[in-house]
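In: coordinates only, sequence not included:
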């Protein structure tokens, strides 16, 4: 049997991941992915990778051409039976590559998920491998929706299953905090640098009443929302501008190569 | 790369496990393990194994001799990128065997863990693969304690990192409910059949003031507690009797073989 059968990532979800896009051998948001991964290692008390070495491996795997989605897993590695890590854990790196997803220009059709996110500050924000809540939420619909929004146990809006949420309310962009559940997305951070984005709890009613909604993740970038519950939105100019800025960032990678 | 690298058990903890003991080819609590596994499959909406076929595989792997600890993983199998399961998931079975742990007769030395259990009714009770909370709690101590007790987010006692807890309070055995977090242990169920065990929330103060404490799991059975915080207990006659009954159940397996 492969050594992976004893990997603590498999047995306990003891590890982290990053999903990122590499265009023509360049990953414009690499440093932020690494900052989050290193933060995750500190939070889970896992040995951290050397970001430079890791970049060389990822870059070599992705090659100098093309538009590639990379999923990087950093697990706690092998261990004996039981929750206790070995005294000197040897993390395992796994890389999975595929074509970057094609992003349709049309707005997204969203739904509300019944599955809620538990409040767990010890795991909030980081991209760890315990993702059953997202799996259960995603199993609530088939292909009739693009994404589902999840609430926490107190009924506050957190995020979509695989993207952060921003809402424009009275001219102000707002995104929910991620200190009790949810993931501190790299594309969310990109938005926070470009826009003044307020972090505060959002109710489902506020989200449905917002002037505009967008979802963002590192593979697909910012995408506008056209439908949620009974609410419909038209394409928003500001979301379109953000989208154009995101695309330009990756196009620049291509022209630099 | 092995197909395991695409397994949803590794990527999301999308799966279940059972840890059980087989003595001389017999597993006295097999049916309860299977009931919990099937309940877990229903809760996670995973295809369930055929318990008869599974038993034949486990029995063949363990052989007709010896005292074996079996860890059985039932994952959602391979899938493409993303949280959505494939339309017809093909679960993967993994079996890991080792010698059954030796249980010392002395009472256990416990501590309180700082890591708390999040409240998540959708995942409570079942033995799923999202175990980072237990990993973080177990990382709080080295070998100076036998186990650590965990509280939920409301400060109620739930269980040890890898065992259920029973406390005798005013002559009544009490164990915390497992409908919002924790695992519905098979050894806990064995206790509930033999004793009248009340299920109700327990505070840390009640646990420290109890007449007796025991931890139980399916690999080690019921074990008395001798120390927690500043509290010390002497060996309890009733815990010793429970231990003897547990040992006799497995000894009977041996003499039947």
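Out: Happy to help now that I have it. As the structure is a computational prediction, the values presented were derived from the model and not from experiment.

In: can you pull the contacts of the residue in the stretch 151-257 of chain A that chain B sits nearest to?
Out: Residue nearest to chain B within the stretch 151-257 of chain A: residue A:161 (5.4 Å; C-beta to the nearest C-beta). No exception for glycine: its C-beta is placed from N, CA and C like everyone else's. Listed by C-beta atoms under 8 Å, 6 or more residues apart in numbering or on different chains, the contact set of residue A:161 reads A:113, A:134, A:137, A:138, A:147, A:148, A:150, B:83.

In: do the same with residue A:62
Out: A:22, A:25, A:68, A:70, A:97.

In: Got a quick PyMOL command for the buried subset of these?
Out: One line in PyMOL is enough to select the buried ones among these; burial here means 16 or more other C-beta atoms under 10 Å in any protein chain shown:
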select buried, chain A and resi 22+25+68+70+97
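
In: Can you say which two of the contacts of residue A:62 are spatially most distant?
Out: Farthest apart among these by C-beta to C-beta are A:25 and A:97. That separation is 12.6 Å.

In: and which of the contacts of residue A:161 is nearest to residue A:126?
Out: residue A:134 (14.0 Å).

In: pretty sure that closest one belongs to a helix, no?
Out: Yes: when DSSP: H, G, I helix; E, B strand; the rest coil is applied, residue A:134 is found to be in a helix.

In: count of residues packed around it?
Out: Residues lying near residue A:134 (other C-beta atoms under 10 Å in any protein chain shown) number 23.

In: wait, doesn't it sit right on residue B:84?
Out: No: counting by C-beta atoms under 8 Å, residue A:134 does not reach residue B:84; the two are 10.0 Å apart.

In: May I have the phi/psi pair for residue A:151?
Out: Dihedral angles of residue A:151 (phi, psi; degrees, to the nearest 10) stand at phi -100, psi 160.

In: Kindly reformat the contacts of residue A:62 as a markdown table and extend each row with pLDDT, distance to chain B and secondary structure.
Out: Listed next are these as a markdown table, based on pLDDT from 0 to 100; distance: C-beta to the nearest C-beta, whole Å; DSSP: H, G, I helix; E, B strand; the rest coil:
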| residue | pLDDT | distance to chain B | secondary structure |
| --- | --- | --- | --- |
| A:22 | 97 | 15 | strand |
| A:25 | 96 | 21 | coil |
| A:68 | 97 | 12 | strand |
| A:70 | 98 | 11 | strand |
| A:97 | 97 | 10 | strand |
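
In: Identify, from the contacts of residue A:62, the entry nearest to residue A:59.
Out: Looking across the contacts of residue A:62 and measuring by C-beta to C-beta, the closest to residue A:59 is residue A:25, at 6.0 Å.

In: excluding its backbone neighbours, what's nearest that closest one?
Out: residue A:64 (4.0 Å; C-beta to C-beta, 6 or more residues apart in numbering or on different chains).

In: Quickly find the element holding that neighbour.
Out: Using DSSP states H and E, residue A:64 sits in no helix or strand.

In: where exactly do the helices run in the stretch 101-250 of chain A?
Out: Ranges of helices in the stretch 101-250 of chain A, per DSSP state H, counting those that start in this stretch, are A:132-138, A:186-194, A:204-209, A:237-256.

In: For those helices, give me CSV that also has mean pLDDT and distance to chain B.
Out: Below are those laid out as CSV (pLDDT from 0 to 100; distance: least, C-beta to the nearest C-beta, whole Å):
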stretch, mean pLDDT, distance to chain B
helix A:132-138, 98, 4
helix A:186-194, 97, 16
helix A:204-209, 98, 19
helix A:237-256, 92, 19
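
In: among these, which is nearest residue B:108?
Out: Across the helices of the stretch 101-250 of chain A, closest to residue B:108 is helix A:132-138 (C-beta to C-beta), at 30.0 Å.

In: Show me what that closest one is packed up against.
Out: strand A:147-151, helix B:8-12, helix B:30-44 (3 or more C-beta pairs under 8 Å, 6 or more residues apart in numbering or on different chains; DSSP states H and E).

In: looking at the ones you listed, which is buried most?
Out: helix B:8-12 (a mean of 27; mean count of other C-beta atoms under 10 Å in any protein chain shown).

In: Say whether chain A is contacted by it.
Out: Yes: using C-beta under 8 Å from any C-beta of the partner chain, helix B:8-12 reaches chain A at B:8, B:9, B:10, B:11, B:12.

In: for chain B, what are the nearby residues on the stretch 51-200 of chain A?
Out: A:69, A:71, A:73, A:75-76, A:81-85, A:94, A:96, A:98, A:115-116, A:118-120, A:122-123, A:128-139, A:153, A:161-162.

In: among those residues, which are in strands?
Out: Within these, residues falling in strands by DSSP state E are A:69, A:71, A:73, A:75, A:94, A:96, A:98.

In: Pull out the buried members of these.
Out: Using 16+ other C-beta under 10 Å, the buried members of these are A:69, A:71, A:73, A:75, A:94, A:96.

In: Quick check: of these, which lies closest to chain B?
Out: Looking across these and measuring by C-beta to the nearest C-beta, the closest to chain B is residue A:94, at 5.6 Å.

In: Would you agree the closest one is in contact with residue A:72?
Out: Yes: in this structure, residue A:94 is within contact of residue A:72 by C-beta under 8 Å, at 7.4 Å.

In: for the stretch 101-250 of chain A, which spans come out with low pLDDT?
Out: The model of the stretch 101-250 of chain A has no residue with pLDDT under 70.

In: Can you tell me the number of residues neighbouring residue A:230?
Out: Neighbours of residue A:230 (other C-beta under 10 Å): 6.

In: In contact with the residue lying closest to it once chain neighbours are set aside: list those residues for me.
Out: With C-beta to C-beta, 6+ apart as the criterion, residue A:230 has its nearest non-adjacent residue at 7.8 Å, and that residue is residue A:208. By C-beta under 8 Å, 6+ apart, residue A:208 lies in contact with A:228, A:229, A:230, A:231.

In: Swap in 10 Å and give it another go.
Out: Residue A:208 is in contact with A:112, A:149, A:157, A:167, A:228, A:229, A:230, A:231, counting by C-beta atoms under 10 Å, 6 or more residues apart in numbering or on different chains.

In: who does the third one bridge with?
Out: It refers to residue A:157. Beta-bridge partners for residue A:157, by DSSP bridges, are residue A:151, residue A:202.

In: thought it was touching residue A:112?
Out: Yes: the pair residue A:157 and residue A:112 passes the contact test of C-beta atoms under 10 Å, sitting 9.0 Å apart.

In: Could you identify the buried members of the contacts of residue A:208?
Out: Judged by 16+ other C-beta under 10 Å, buried ones among the contacts of residue A:208: A:112, A:149, A:157, A:167, A:228.

In: roughly how far apart are the second one and residue A:176?
Out: This means residue A:149. For residue A:149, the distance to residue A:176 equals 10 Å [C-beta to C-beta, to the nearest Å].

In: residues bridging contact with these two, i.e. touching both?
Out: A:157, A:158, A:159, A:165, A:202, A:207.

In: List the contacts of the last one.
Out: Which is residue A:207. A:110, A:112, A:149, A:151, A:157, A:165, A:167, A:169, A:174, A:176, A:213, A:225, A:228-229, A:231.

In: Which single one of those is nearest to residue A:38?
Out: residue A:176 (23.7 Å).

In: tell me the domain ranges of chain A?
Out: As assigned by automatic domain parsing, chain A contains the domains A:3-99, A:108-253.

In: Distance to residue B:48 added to the ones you listed, as CSV?
Out: Output for the domains of chain A, formatted as CSV (distance: least, C-beta to C-beta, whole Å):
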stretch, distance to residue B:48
domain A:3-99, 20
domain A:108-253, 16
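
In: Find residues that contact each of residue A:94 and residue A:72.
Out: With C-beta under 10 Å, 6+ apart as the test, residue A:94 and residue A:72 both reach residue A:17.

In: Can you get me a residue count around the residue lying closest to residue A:11 once chain neighbours are set aside?
Out: Closest residue to residue A:11 apart from its sequence neighbours, by C-beta to C-beta, 6+ apart: residue B:129 at 6.9 Å. Residues within reach of residue B:129, counting by other C-beta under 10 Å, total 26.
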